[in-house]
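Asks: Sequence and computational prediction follow.
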Amino acid sequence: MVSSIKKIIVVGSGIAALSFAKTISASCEVIMMTKKQFSSSNSMLAQGGIAAAFSAQDSVDQHVQDTLAAGCDHNDERVVQEIVSLGKHMVKQLVEEGCPFDQTENGMPQLGKEGAHTTHRILHAGGDQTGKTLVQYLKNQLGSHIHLCEYHHVIDLLVHEGICIGVVWKDEKGHVHTMTADAVVLSTGGCGSLFETNTNDPSVTGDGLIMAYRAGAQLVDLEFVQFHPTLLTIAGKAVGLVSEAVRGEGAYLEDETGRRIMKGIHPQGDLAPRDIVSRAIFHEQQFGHDLYLNISEIPHFSVRFPAIAAMCERAGVDMASGRLPVSPGMHFLMGGICVNEYGETTVPSLFAIGEAACTGLHGANRLASNSLLEGLVLGNKAARRIEQFPKRKKTIPSSTIQESWSVPEISEKQLSQWMMTYAAIVRDEDGLKTLLQSLLQVPYQQINVKDITNGQIELSNQCTLAICLVRSALLRTESRGGHYRVDYPNRNDALWRGMQIVHEKGHIHIMKNERIGAKWNVYS
Ligand code: SIN
């Protein structure tokens, strides 16, 4: 007798994947594959926290308004409304269940403040170890129908008649396998490694985006890349993130002479939206200034921020000086695989959640601490959606694996340096064209899937994604949020409002006022 249990493959192990796994009932068997260790994710590194309108002075409406303002009106307002209100409900549930968020003396969640928030609304855990605490908490909740598989590197999707029917993966020895499923959920994060200076886990190489793209899914908003303003920087090299929560507690940016650089730049000063603060720092650096985060007014810094204090100690920073040397680095991709409110992509039976997905929540610039929130909500909604659909009736035909892979002959270092030089905080047509030309001239060699290394697969994905991102950045002839063009320094609402740059099957087009949603097509 054929089992009625549905089989679902989840690729990735961050907050969105875990929220999915916590939600989904035992009517589904979940195979959660991650290419490295379970703990290799951006979620594990998230310091700041999770935003939810908890305080009496706050409201869901105000959180929505702050999200739209940071996102420069490129957000999908309906999605913002839904994620912010459902997210608050889910965070409240976590608090009530006993998830160990930091508390005030009277047992209420302690609320911090971060950039572009008009009030205190960031819950955190372990001081600056919110992501790690949440990941561990959710992992401990998983039922026996969830199977965690480390070192299972998913390299491609199996597609039959336009429907996603499973994955191709490599084991630790490099052997190739296939696995079919009723649905595949990509929770692979963004693409921090595309830029030389970044805050991401090194395993985050844009794999999910490019696998979805090859399968025929739409990618959108790739030009919107968020640079976090404050990475601890020693001798020109970034060594880790200094949370925006530090500025939320009173730290401020100054140059080597003690001049406060955010004065007069934006009404929210040091807590202006990230794109504005990062550009201000970039501008100062162009004039040869060194930038510091002055933390001298924060009492008990190493109690409130233990992980950051430990990082400073490891890096040999003299904390007693009250100044941490900082510079910006790539942090988050606002764009991604286009999904509807359930995480469905434009390819039936293929879902995307977390940073890999673009729901429309973040617009052109993500509001701080909205990403863990989105991961929680979308993981939950995708799970509920999948539970509703029947199991496939027919046996899935064997699908062919792509045998020959094109591998670019370029190093990750070179690629990420090019991206940093021409496609980072400040862009222009000349630089983007130079970069695109260089990317298109990279020679490729053909390698059989049996012989290709994990690094070569990642590099191949990174190069494809870089080309898509740069093409998007060239097409968007305005400045908005995380996409700043010196040759088009202003927003152009008349031309661009509601428009999205979409990549699909090797084509790029501009869509107006229309977010596409996918349909679930049961293969039967
Ligand atoms: C931070 O702690 O500054 C990062 C939090 C976030 O990216 O939302």
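Replies: Structure's in. What do you need?

Asks: now the spatially most central residue of the chain: how far from residue 461?
Replies: Residue closest to the average C-alpha location in the chain (CA atoms, centre = their mean): residue 355, at 3.1 Å. Distance, residue 355 to residue 461, by CB to CB, to the nearest Å: 15 Å. Where C-beta positions appear, they are placed from N, C-alpha and C, glycine not excepted.

Asks: just residue 46 next, same as before
Replies: For residue 46, the distance to residue 461 (CB to CB) stands at 23 Å.

Asks: Identify the residue nearest residue 9 in space, chain neighbours excluded?
Replies: Among residues not flanking residue 9 along the chain, residue 181 sits closest, at 4.4 Å (CB to CB, 6 or more residues apart in numbering).

Asks: number of nearby residues for the one you found?
Replies: Applying other CB atoms under 10 Å, we find 23 residues neighbouring residue 181.

Asks: which residues touch it?
Replies: 7-9, 31, 165-167 (CB atoms under 8 Å, 6 or more residues apart in numbering).

Asks: now residue 490
Replies: Per CB under 8 Å, 6+ apart, neighbours of residue 490: 478-479.

Asks: and it, helix, strand or coil?
Replies: The three-state assignment at residue 490 reads coil, by DSSP: H, G, I helix; E, B strand; the rest coil.

Asks: From residue 361, how far out is residue 337?
Replies: Here the criterion is CB to CB. By it, residue 337 lies 14 Å from residue 361.

Asks: Comparing these two, which residue is more hemmed in?
Replies: Applying other CB under 10 Å to residue 337 and residue 361 shows that residue 337 carries more neighbours, namely 30 against 26.

Asks: Tell me the bridge partners for the residue lying closest to the more buried one once chain neighbours are set aside.
Replies: Nearest non-adjacent residue to residue 337, counting by CB to CB, 6+ apart: residue 352, 3.9 Å away. For residue 352, the residues forming beta bridges with it (DSSP bridges) are residue 186.

Asks: How about the one 5 residues further on?
Replies: Beta-bridge pairing of residue 357 under DSSP bridges involves residue 337.

Asks: wait, isn't it in contact with residue 337?
Replies: Yes: counting by CB atoms under 8 Å, residue 337 is a contact partner of residue 357 at 5.3 Å.

Asks: what do those two both touch?
Replies: 186, 345.

Asks: residue boundaries of the helices in the stretch 201-350 of the chain?
Replies: When secondary structure is read from DSSP state H, counting those that start in this stretch, the stretch 201-350 of the chain shows helices at 207-214, 244-248, 274-286, 301-304, 306-315.

Asks: Redo these as a markdown table? Include mean pLDDT, distance to residue 423 and mean neighbour count.
Replies: Below are those laid out as a markdown table (pLDDT from 0 to 100; distance: least, CB to CB, whole Å; neighbours: other CB atoms under 10 Å):
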| stretch | mean pLDDT | distance to residue 423 | mean neighbour count |
| --- | --- | --- | --- |
| helix 207-214 | 98 | 16 | 26 |
| helix 244-248 | 94 | 23 | 26 |
| helix 274-286 | 97 | 13 | 20 |
| helix 301-304 | 94 | 35 | 16 |
| helix 306-315 | 96 | 28 | 17 |
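
Asks: Nearest to residue 437, out of the ones you listed?
Replies: Closest of these to residue 437 is helix 207-214, at 21.0 Å (criterion: CB to CB).

Asks: hang on, the earlier thing: who has more neighbours out of residue 46 and residue 461?
Replies: Per other CB under 10 Å, whichever of residue 46 and residue 461 has more neighbours is residue 46, with 27 against 23.

Asks: wait, isn't the more buried one in contact with residue 370?
Replies: No: using CB under 8 Å, residue 46 is not in contact with residue 370, being 11.4 Å away.

Asks: I'd like to know how far the closest residue to residue 137 other than its chain neighbours sits from the ligand.
Replies: The shortest distance from residue 137 to any residue other than its chain neighbours is 4.9 Å, reached at residue 99 (CB to CB, 6+ apart). Taking CB to the nearest ligand atom, to the nearest Å as the measure, residue 99 falls 18 Å from the ligand.

Asks: if I pick residue 99, what's in contact with it?
Replies: Here residue 99 is in contact with 125, 133-134, 137 (CB under 8 Å, 6+ apart).

Asks: what sits up against stretch 266-278?
Replies: In contact with stretch 266-278 (CB under 8 Å, 6+ apart) are residues 69-70, 113-117, 226-229, 244, 247-248, 251-253, 260, 262-263, 265, 280, 328, 331, 364-368, 425, 481-482, 484.

Asks: got it, and stretch 74-90?
Replies: Here stretch 74-90 has contacts from 50-54, 60, 63-64, 67-68, 71, 221, 224, 341, 359-364, 370, 373-374, 376-378, 380-381, 480-481, 515, using CB under 8 Å, 6+ apart.

Asks: Just give the number of residues close to residue 421.
Replies: There are 13 residues near residue 421, going by other CB under 10 Å.

Asks: In what element of secondary structure is it found?
Replies: Per DSSP states H and E, residue 421 falls inside helix 412-422.

Asks: which strands and helices sit next to that helix?
Replies: Packed against helix 412-422 by the contact rule (3 or more CB pairs under 8 Å, 6 or more residues apart in numbering; DSSP states H and E) you find helix 429-440, helix 454-475.

Asks: Measure how it sits relative to helix 429-440, angle-wise.
Replies: Helix 412-422 runs at 160 degrees relative to helix 429-440, counting by axes from the mean of the first three to the mean of the last three CA atoms, to 10 degrees.
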